[in-house]
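Asker: Below is the structure, and that's it, no one-letter string:
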């Protein structure tokens, strides 16, 4: 990500669940402003620990910008934590 903006914005995410290496795949998310973003590609996905909670981190793009989505598996909430221009 280039020219990153660090955020902590609660978002709504539409995702699909299946089996295999990527059981959870974010497809679309809606920002607090109401703007909807369609995910066209998923980059890295990895779990991390935030305190005592497991957080799943997804680096995604819509082809125009890159985003980092974080899913808190204890609180069952999604946050947009970074947005960057795609070069």
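Answerer: Arrived safely. Bear in mind that the values here come from a model prediction, so they are computed numbers and not experimental data.
Asker: show me the contacts for the most centrally placed residue in the chain.
Answerer: By Cα atoms, centre = their mean, the mean C-alpha position of the chain lies nearest to residue 69, the distance being 1.9 Å. Residue 69 makes contacts with 11, 13, 26, 29, 57-58, 60, 78-81, as judged by Cβ atoms under 8 Å, 6 or more residues apart in numbering. All C-beta atoms are positioned from the backbone trio N, CA, C, and that covers glycine.
Asker: again, only using 10 Å
Answerer: When contacts are counted by Cβ atoms under 10 Å, 6 or more residues apart in numbering, residue 69 touches 11, 13, 15, 26, 29, 37, 39, 42, 45, 56-60, 78-82.
Asker: likewise residue 36?
Answerer: Residues near residue 36 by Cβ under 10 Å, 6+ apart: 12, 14, 28-30, 62.
Asker: let's go with 8 Å and repeat that
Answerer: Contacts for residue 36 (Cβ under 8 Å, 6+ apart) come out as 28-30.
Asker: just to revisit the earlier point, show me the contacts of residue 69 that map onto strands.
Answerer: 11, 13, 15, 26, 29, 37, 42, 45, 56-60, 78-82 (DSSP state E).
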